[in-house]
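Participant: Any chance you could fold what I've pasted below:
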Amino acid sequence: MKNRIMEYFLITFGAFLVALGVYFFLVPSNLAVGGVSGLAIVLKAYLPNLNIGILSMIMNGILFVVGFLFIGVGFGAKTIYSSMAISGFLGLMEVFYPMQQPFTDDLFLVLVMGVLVSGAGIAIVFNQNASTGGTDIIAKILNKYFKLSIGVGLFIADFFIVAAAGFVFGIEVFMYAFIGLILNGTVIDGMIEGFNTCVEVMIISQESDKIRDYVMNRMERGVTVYQATGGYTRQPKEVLLTVVGKREFIQLRKFIKQTDRQAFITTKKAHEILGEGFSELD
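Facilitator: Next up is the predicted model:
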């Protein structure tokens, strides 16, 4: 129950960031860098009486059906919640802080701020196995069935929206939006990778029993033990292999330093850790 509450809290927070970045930075400058909100910016030029929230809801409705069919009910339910939350936040922002003009005439500054804020929100939502709706659903489908990264999937899905924005608002907007499209994918991939990054640690020590006990009983992490032979000494050695979080590694390194200052340690980043103690194997 607590995990579910936290999951929806993070989805809500991510949706708020998406709405914040889109409404305050991208919409006032007509920077349609992709997504249903970007397509809504383009369509609003022809349908000025409809607000972006209504246009987004109509287009999301079509893509929700696609999401249910290809990704599943659980993903669809959370995506509906996320997209409705974004529409709600956009509506509240429009009521309480109507934007008459951009914060600045510097399109590049507005673009960077908008993409960083909204991209961070999308990454948070994706990390909860959900989506902000729209072309994010297409990106998630490409990720699931064709193993494309989320960023690349979004690039493919959103390129045509950026091209449409260029057709409606001019070549300058197209160039800025295209830069934003590339930056958006980079921000999302980088943040998702950061969320899921752990540290794979290999340890060779004369005090391997103490270190193994510490990892298993104090840190509650698993350890794999390999039997090896020193190339120079020809003496048998135990090699410990474990995977821990980035903060946990600091704790483990401190313990090893106190236990055996002659220990040999190597580390490397490990991505998408699935199984007991980490993310569930879906």
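
Participant: What's the biggest helix in this structure, counting residues?
Facilitator: helix 171-196 (DSSP state H).

Participant: Downstream of it, the next helix or strand is which one?
Facilitator: Remark: after helix 171-196, the chain's next helix or strand is strand 198-204, criterion DSSP states H and E.

Participant: List of residues touching that following strand?
Facilitator: 211, 228, 237-246, 248-249, 252, 256, 263-271, 273, 278 (CB atoms under 8 Å, 6 or more residues apart in numbering). Quick note: C-beta positions are derived from backbone N, CA and C, even for glycine.

Participant: Can you give me the buried ones in it?
Facilitator: Residues of strand 198-204 classed as buried by neighbour count (16 or more other CB atoms under 10 Å): 198-199, 201, 203-204.

Participant: now swap in stretch 186-194 and tell me
Facilitator: In stretch 186-194, counting by 16+ other CB under 10 Å, buried: 187-189, 191-193.

Participant: picking up where we left off before, measure how far the longest helix of the chain is from the centre of its chain, please.
Facilitator: Offset of helix 171-196 from its chain centre (CA atoms, centre = their mean, to the nearest Å): 12 Å.

Participant: Show me what it is packed up against.
Facilitator: With contacts taken as 3 or more CB pairs under 8 Å, 6 or more residues apart in numbering; DSSP states H and E, helix 171-196 sits against helix 107-126, helix 150-169.

Participant: Give me the angle between it and helix 107-126.
Facilitator: 40 degrees (axes from the mean of the first three to the mean of the last three CA atoms, to 10 degrees).

Participant: so helix 171-196 versus helix 150-169, what angle?
Facilitator: For helix 171-196 against helix 150-169, the angle by the same axes, to 10 degrees is 160 degrees.

Participant: Please narrow the contacts of strand 198-204 to those residing in strands.
Facilitator: Within the contacts of strand 198-204, residues falling in strands by DSSP state E are 228, 237-244, 264-270.

Participant: so which two of the residues you listed are the farthest from each other?
Facilitator: Farthest pair in those (CB to CB) is 237 and 269. Separation: 24.8 Å.

Participant: does residue 78 really touch residue 126, like I thought?
Facilitator: No - between residue 78 and residue 126 there is no contact under CB atoms under 8 Å: 10.6 Å.

Participant: between the two, who's got more neighbours?
Facilitator: Neighbours per residue (other CB atoms under 10 Å) separate residue 78 from residue 126, with residue 126 holding more: 25 against 18.

Participant: what sits against the more buried one?
Facilitator: 136, 140, 150, 188, 192.

Participant: try it again with 7 Å
Facilitator: Listed by CB atoms under 7 Å, 6 or more residues apart in numbering, the contact set of residue 126 reads 150, 188, 192.

Participant: All good on my end, thank you.
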